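>>> Model the following, please.
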Amino acid sequence: MELISTEVISDWGGNVIPDKPPEDGDIVRYTYRRNDGKIGIREKIYHVIVPIPEPVRVYIHVDLSKTKVANNGIDTVQVTFTLRAGVDPTSAVKTGINRTWETLFRDQDNVVYDTIIVQFTNGIATFDYKPSGKSVAISMKKADVDTVISNAVVTLVTEPHIQILSDYTGA
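Alright, predicted model coming up:
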């Protein structure tokens, strides 16, 4: 088969729309020469296959001011979450992200120890964390953070760990 011509036709009368390239949903008339030499005509609805864009990748970097904290109701750990373009801690900050995010701290038995609401402004969230429960080692787990949000794949780069100690006096 040899394609002779491709024409876009109107959907209401079969008239050719001159010099119009086909677009998604147009009716297209294909004129072709068959192997036996006869001319054939076929009309089809033209469909454009649109590739699905790759999701945006966002990496959460977590910095702690310290990894041990006293469980005395006063001592705090300053926590900074930074949303970056890569796993490299010097990669560009995703400054266009302003949103509230819920994250979990889990104990060594994988039980939720605390739920934290984090407010990102221009890709950065900083807050003071004060433990409110038993003395235990806690951490954020990748599985609790890794998610897909609005065509963005979000990944926790490293799992931060904090030891909450009842008899800790600081160092």
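
>>> now the helices for this structure?
All helices of the chain, identified by DSSP state H, fall at 142-145.

>>> Isn't Ile39 up against Leu3?
No - taking contacts as C-beta atoms under 8 Å, Ile39 lies outside contact range of Leu3: 11.5 Å. To be clear about C-beta, it is placed using only N, CA and C from the backbone, and glycine gets the same treatment.

>>> what's the overlap in contacts for those two?
Contact criterion C-beta atoms under 8 Å, 6 or more residues apart in numbering; residues shared by Ile39 and Leu3: Thr31, Tyr32.

>>> The protein - how does it break down into domains?
2-45, 56-165 (automatic domain parsing).

>>> Output those in CSV, with mean neighbour count and mean pLDDT appended to each entry.
Formatted as CSV, those follow (neighbours: other C-beta atoms under 10 Å; pLDDT from 0 to 100):
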stretch, mean neighbour count, mean pLDDT
domain 2-45, 11, 82
domain 56-165, 15, 88
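
>>> Next one: the spatially most central residue of the chain from Asp26, what distance?
In the chain, the centroid-proximal residue (C-alpha atoms, centre = their mean) is Ala152; its distance is 1.5 Å. Plainly put, Ala152 is 34 Å away from Asp26 if you go by C-beta to C-beta, to the nearest Å.

>>> now Gly14
According to C-beta to C-beta, Gly14 stands 13 Å off from Asp26.

>>> residue contacts, the residue lying closest to Glu102 once chain neighbours are set aside?
Excluding the flanking residues, the one nearest Glu102 by C-beta to C-beta, 6 or more residues apart in numbering is Ile117, at 5.7 Å. By C-beta under 8 Å, 6+ apart, the contact list for Ile117 reads Thr100, Trp101, Glu102.

>>> Which of those residues sits closest to Ile52?
Lowest distance from Ile52 to the contacts of Ile117 (C-beta to C-beta) belongs to Trp101, with 25.3 Å.
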